[in-house]
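**Q** Any chance you can model this:
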Amino acid sequence: MDSTMSRRSPEQMAARRDRSGSVWLVQAFSGLILVALLGIHMIAHHYIVEGGLRDYQQVLDYVSNPIIFTLEVLFVILGVTHSMLGVRSIIGDMRPSAGTLRVANWVLIIAGALAIGYGIYLAVALQQLAG
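**A** Take a look at the predicted model:
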């Protein structure tokens, strides 16, 4: 038996499973919503537009719509969240020690927050350029 597993009490293992289940649900639901948002994004950017791709001014006009802006920001948030949870799941499958998993969690939280912050910053900058 794995030595890290034997040092945990049954209550600790049950609490970890409960958290893992919740994290898995967040990842599953974010994946479903991402599929819908990706579909909307692809249709709006590649199938509705004449020529198959928006030019710079068309992108600015498109992002200036508050509903589209909200959808694009939501797309960034869910995409980053989903990917960070996926990386966390891969790390967890390697059965790291509790300390290593704690460090990995914090690294992923910080990296995810920075990526979301940068994505929102870019979306706001585009919206401001649109006027």
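**Q** Give the closest residue to residue 109 in space, chain neighbours not counted.
**A** Leaving aside its chain neighbours, residue 109 sits nearest to residue 84 (7.6 Å; criterion: C-beta to C-beta, 6 or more residues apart in numbering). Any C-beta I mention is one placed from the backbone N, CA and C, and that applies to glycine too.
**Q** For residue 119, see how far away the nearest residue to residue 104 once chain neighbours are set aside is.
**A** Setting aside the residues directly before and after it, residue 104 is nearest to residue 91 in space (C-beta to C-beta, 6+ apart), at 4.9 Å. Note on residue 91: its distance to residue 119, by C-beta to C-beta, to the nearest Å, is 23 Å.
**Q** Same check on residue 29?
**A** Relative to residue 119, and taking C-beta to C-beta, residue 29 is found at 20 Å.
**Q** Give me the neighbour count for the residue nearest to residue 104.
**A** Look at residue 91: counted by other C-beta atoms under 10 Å, it has 17 neighbours.
**Q** Appreciated, that's everything.
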